[in-house]
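J.: Sequence first, predicted coordinates after that:
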Amino acid sequence: MFPSSLDPSYSLTAENASSTPLTLKILPIVALIFIPIVVAYQTWAYNLFEGKIPVRTWHRRRDSDRGQGKFTNTMD
């Protein structure tokens, strides 16, 4: 794949760049366990904070306003 100009034994091949067979067997199992956990946590966190700050209370000022396009809270 990537031959070495210094020594042929330093070349990067598909064989020496791959993981060990044990790692390739364990990785899908770990992914099947932890990807649903991460998705469940993200869903829980989204639902936890959903609706805490009403969208209608935030607006974007125009550049001509003193905020230079920054977000501001209209409830101040």
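T.: Great, that's in hand. Numbers count the residues shown, from 1 in each chain.
J.: alpha carbons only for contacts and neighbour counts from here, please
T.: Fine.
J.: pLDDT weak spots in this structure?
T.: Where the chain drops to pLDDT under 70, the residues are 53-76.
J.: show me where it has strands.
T.: For the chain, strands defined by DSSP state E occupy the ranges 58-60, 71-73.
J.: so how far is Ala17 from Ser11?
T.: Note on Ser11: its distance to Ala17, by CA to CA, to the nearest Å, is 10 Å.
J.: Apologies, that question was intended for Phe34.
T.: Between Phe34 and Ala17 the computed distance is 25 Å (CA to CA).
J.: can you check Thr23 too?
T.: Counting by CA to CA - Thr23 and Ala17 are separated by 13 Å.
J.: Look through the chain and tell me its longest helix.
T.: helix 21-49 (DSSP state H).
J.: Sort out which residues of that one are buried, please.
T.: Buried residues in helix 21-49, counted by 16 or more other CA atoms under 10 Å: none are found.
J.: for it, packing partners?
T.: Here helix 21-49 touches no other helix or strand, going by 3 or more CA pairs under 8 Å, 6 or more residues apart in numbering; DSSP states H and E.
J.: Give me the phi and psi for Thr13.
T.: According to degrees, to the nearest 10, the main-chain angles of Thr13 amount to phi -120, psi 170.
J.: which residue packs closest to it, ignoring adjacent ones?
T.: Nearest residue to Thr13 in three dimensions, chain neighbours excluded: Met1, at 5.2 Å (CA to CA, 6 or more residues apart in numbering).
J.: And Ala14, by the same measure?
T.: Met1 (7.0 Å).
J.: what's around Leu12, how many residues?
T.: Neighbour count for Leu12, taken as other CA atoms under 10 Å: 13.
J.: That one and Leu48: what is the separation?
T.: 48 Å.
J.: what's the distance between the closest residue to Tyr10 other than its chain neighbours and Leu12?
T.: With CA to CA, 6+ apart as the criterion, Tyr10 has its nearest non-adjacent residue at 5.6 Å, and that residue is Ser4. Shown here: Ser4 relative to Leu12, a distance of 7 Å by CA to CA.
J.: now Gly51
T.: Distance of Gly51 to Leu12, computed by CA to CA: 52 Å.
J.: ok, now Met1?
T.: From Met1 to Leu12 the distance is 6 Å (CA to CA).
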